[in-house]
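Engineer: dropping a prediction and its sequence here:
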Amino acid sequence: GQKSRSGVAIKGYEGGQMPLYQRLPKRGFNKPNAKKYAVVNLGLIQKFIDAGKLDAASITEDSLVASGLVRRKLDGVRVLAKGEFSAKATIAVTGASKSAVEAVSKAGGA
């Protein structure tokens, strides 16, 4: 049979010692109804505004998808504060980090 061939080990079998996958405790679980947000960084929004692909006057989730910055909305779009942001923009999205809100209002937007 299989064990009479050389160099064959049954995966996960440790010669009678309790296998690693059984020695470690089970941990955590995945929330079945967790929200999955599409993430956008301010630096990228700035780049798209500079390139003329986005209108800074009103940026919505749909305009972000239309410009190609976000592929799909998932459960909503969340803005994070990575990168430089200097445009006076009005952004309407599902959520934003505190630092992102701060950066936008500092640049004179909402």
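Structural biologist: Perfect, I can see it now.

Engineer: touching, residue 40 and residue 68? I think so.
Structural biologist: No - counting by CB atoms under 8 Å, residue 40 does not reach residue 68; the two are 11.6 Å apart. (Glycine included, C-beta is placed from N, CA and C.)

Engineer: helices of this structure, start to end?
Structural biologist: Along the chain, the segments classed as helices by DSSP state H run 20-23, 42-50, 61-67, 98-106.

Engineer: which one of those lies nearest to residue 73?
Structural biologist: helix 61-67 (5.4 Å; CB to CB).

Engineer: which residues does that closest one contact?
Structural biologist: 40, 45, 48, 53-55, 70-73, 76-77, 92-94 (CB atoms under 8 Å, 6 or more residues apart in numbering).

Engineer: quick one on the thing from earlier: okay, residue 40 and residue 68: which has more neighbours?
Structural biologist: More crowded of residue 40 and residue 68, by other CB atoms under 10 Å: residue 40, with 23 against 10.

Engineer: quick check: beta-bridge partners of that one?
Structural biologist: Taking DSSP bridges as the rule, residue 40 bridges to residue 79.

Engineer: so who does it touch?
Structural biologist: So residue 40 contacts 64, 69-70, 77-80, 93 (CB under 8 Å, 6+ apart).

Engineer: so the residue positioned nearest the centre of the chain versus residue 64, what's the distance?
Structural biologist: With distances taken as CA atoms, centre = their mean, residue 39 lies nearest the centre of the chain, 4.9 Å away. With distances taken as CB to CB, to the nearest Å, residue 39 is found 11 Å from residue 64.
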